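Peer 1: prediction below, plus the sequence it came from.
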Amino acid sequence: MAGVGPMSQDWEPVVIRKKAPNAAAKRDEKSVNAARRSGADIESVRKFNAGTNKAASSGTSLNTKRLDDDTENLTHDRVPTELKKAIIQARTEKKLTQSQLAQIINEKPQVIQEYESGKAIPNQQILIKLERALGAKLRGKK
């Protein structure tokens, strides 16, 4: 670009200012003291239930005693021992491994393992699949 003509800059000055203080900074102890010294009006308001959790827990006092008195054991049903043995017996008679049986009924091998160990929560749909795959009656009367 040399030799094209006189070069001039037409930049305008840029003024950088600090941001206005936000609400938290206005409540800062330092700024409140500065306002007091300058004679500005300061308003202090005490909030209702400030710093407590009473509003969230006020409605639970009615049910607390009922929950404390409740002694019912809330657990899920597990696979009964008879069902575990029936699944294992039917699977071994068909000479299938747990993973092969799982593949036949389109479930994960872990599902079969849980049923045979008694840790699974009985699911009627899975039991129907097992009955069809093993050719044995697993639900109801034998």
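Peer 2: Received it, and whenever you're ready, just let me know what you need. Computed from a prediction, not measured in an experiment: that's the story for all the values here.
Peer 1: these two touch, right, I104 and K94?
Peer 2: No: with contact defined as CB atoms under 8 Å, I104 does not count as touching K94 (9.4 Å). Any C-beta I mention is one placed from the backbone N, CA and C, and that applies to glycine too.
Peer 1: hey, where'd the helices end up in this protein?
Peer 2: 23-26, 29-38, 54-57, 61-69, 81-93, 98-104, 109-117, 124-134 (DSSP state H).
Peer 1: where among the ones you listed is average confidence lowest?
Peer 2: Among these, helix 54-57 carries the lowest mean pLDDT, a mean of 60.
Peer 1: need the helices of the chain in a markdown table with mean neighbour count and distance to R17, can you?
Peer 2: A markdown table is the format used below for those (neighbours: other CB atoms under 10 Å; distance: least, CB to CB, whole Å):
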| stretch | mean neighbour count | distance to R17 |
| --- | --- | --- |
| helix 23-26 | 9 | 15 |
| helix 29-38 | 10 | 18 |
| helix 54-57 | 9 | 41 |
| helix 61-69 | 8 | 53 |
| helix 81-93 | 15 | 77 |
| helix 98-104 | 17 | 70 |
| helix 109-117 | 17 | 64 |
| helix 124-134 | 16 | 69 |
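Peer 1: can you put those helices in a markdown table and add distance to P13?
Peer 2: Below are the helices of the chain laid out as a markdown table (distance: least, CB to CB, whole Å):
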| stretch | distance to P13 |
| --- | --- |
| helix 23-26 | 28 |
| helix 29-38 | 30 |
| helix 54-57 | 53 |
| helix 61-69 | 66 |
| helix 81-93 | 85 |
| helix 98-104 | 76 |
| helix 109-117 | 72 |
| helix 124-134 | 77 |
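Peer 1: run a quick neighbour tally on A136.
Peer 2: A136: 16 surrounding residues under other CB atoms under 10 Å.
Peer 1: residue contacts, K30?
Peer 2: Listed by CB atoms under 8 Å, 6 or more residues apart in numbering, K30 has no contact partners.
Peer 1: please shift the residue numbers so they start at 399 in all later answers.
Peer 2: From this message on, residue numbering opens at 399, which makes the last subject K428.
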